[in-house]
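Peer 1: Give the three-dimensional model of this entry:
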Amino acid sequence: MLLEAVVTDVTRMQRPNVCIAAAHQGRTIRLHNPQPKDPWPKSIGGLVPGDVVSVDWLPAQTLQPPHTEDGKWVPTTFSKRHRLSEDVLTDQLSADAFDCVEDAFGTPWIRGTGGNAAFRPGEGTRSLATIRVLAVKVDVSFGKIRVTFEDTKSRWAAVPFQDLVVKQHQQECQTCALNLAQALKREFEGAHAIVRVGLARQFQAGGHPSACWMQVNHVFLMPAKRKHFA
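Peer 2: Numbering: from 1, shown residues only. A predicted model of the protein is given here:
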């Protein structure tokens, strides 16, 4: 089925895989089969949240919760139409945002020692959500980018930041090579923000059972400050 959708998530998975999700008529859809891979986003001139696209997509016949957004798509039908401004995009995302992570995903199954959380595989109604946050910080330690944010109920720390544009800058940008942490703080730290949060495909970490760990896909300050990571 050919449909028009607004891209909401473009994130780094385990190389060479890329996760791409979008909103269509109140539903979140993910381009899952076939799995998008590097360097496809660059081959179409880049892809970021806010891009309005056209694509032939159908929901997967078999879904594995919490990844209920998965679907089959036809790459040859994919085309970019235009791009929403970040302010317009955040207005749209805010309309369906949750006040806290637990409202979106339920009670975490595991809380890591650093402050991040994981959820039980095979359960849940979604793996992607928009969360209203009261404060957000970004840190870089030993080359790993982590986000700490507070919602109305909890503080979540050491959450991996998987924004594909940020990851590309980390590898390719001369300015970021000199001071990545400062560039990130300038555009992603503050209050009155929304974050796109996702649950990864299950994997084992830190001696815990195999689980779907939380990650931050995108951070949108209100008003927007993103310029360099565009």
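Peer 1: hey, let's count contacts and neighbours off CA atoms from now on
Peer 2: Will do.
Peer 1: Can you check which helix is longest in this structure?
Peer 2: Assignment by DSSP state H gives helix 174-188 as the longest helix of the chain.
Peer 1: Check which helices and strands the helix or strand in which residue 89 is found sits against.
Peer 2: Taking DSSP states H and E as the definition, one finds residue 89 inside helix 86-94. Judged by 3 or more Cα pairs under 8 Å, 6 or more residues apart in numbering; DSSP states H and E, helix 86-94 is in contact with strand 128-133.
Peer 1: Check the offset of the strand it packs on from the chain's centre.
Peer 2: Computed by Cα atoms, centre = their mean, to the nearest Å, the separation of strand 128-133 from the middle of its chain amounts to 10 Å.
Peer 1: so what does that strand touch, helix or strand wise?
Peer 2: Checked by 3+ Cα pairs under 8 Å, 6+ apart, strand 128-133 has helix 86-94, strand 193-199 packed alongside it.
Peer 1: Return the most buried member of the ones you listed.
Peer 2: Among those, judged by mean count of other Cα atoms under 10 Å, the one packed with the most neighbours on average is strand 193-199 (a mean of 23).
Peer 1: and that strand, which strands flank it?
Peer 2: Here the strand partners of strand 193-199, with direction, are listed using DSSP bridges: strand 128-133 (antiparallel), strand 212-221 (antiparallel).
Peer 1: can you tell which of those strands is closest to residue 107?
Peer 2: Among those, strand 212-221 comes nearest to residue 107, with 12.2 Å by Cα to Cα.
Peer 1: who's in contact with the longest strand belonging to the chain?
Peer 2: With residue count as the measure and DSSP state E as the assignment, the chain has strand 70-83 as its longest strand. Counting by Cα atoms under 8 Å, 6 or more residues apart in numbering, the neighbours of strand 70-83 from elsewhere in the structure are 2, 29-34, 50-60, 63.
Peer 1: Of the residues you listed, which count as buried by neighbour count?
Peer 2: Applying 16 or more other Cα atoms under 10 Å to the contacts of strand 70-83, the neighbour count classes 29-33, 50-60 as buried.
Peer 1: Can you say which helix or strand has the closest residue to residue 70 other than its chain neighbours in it?
Peer 2: Nearest non-adjacent residue to residue 70, counting by Cα to Cα, 6 or more residues apart in numbering: residue 30, 4.8 Å away. Under DSSP H and E, the secondary-structure element containing residue 30 is strand 27-33.
Peer 1: okay, the angle between that strand and strand 70-83?
Peer 2: Orientation of strand 27-33 against strand 70-83 (axes from the mean of the first three to the mean of the last three Cα atoms, to 10 degrees) gives an angle of 110 degrees.
Peer 1: pull the CA atoms of strand 27-33 into PDB?
Peer 2: Below are the C-alpha coordinates for strand 27-33, written out as PDB (Å, rounded to 0.1, in the frame of the first residue of the first chain):
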ATOM      1  CA  ARG A  27       0.300   5.000  13.600                       C
ATOM      2  CA  THR A  28       4.000   4.400  13.900                       C
ATOM      3  CA  ILE A  29       5.500   2.300  11.100                       C
ATOM      4  CA  ARG A  30       9.000   0.900  10.700                       C
ATOM      5  CA  LEU A  31      10.800  -0.100   7.500                       C
ATOM      6  CA  HIS A  32      11.900  -3.500   8.700                       C
ATOM      7  CA  ASN A  33      11.800  -6.000   5.800                       C
END
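Peer 1: That concludes my questions; thank you for your assistance.
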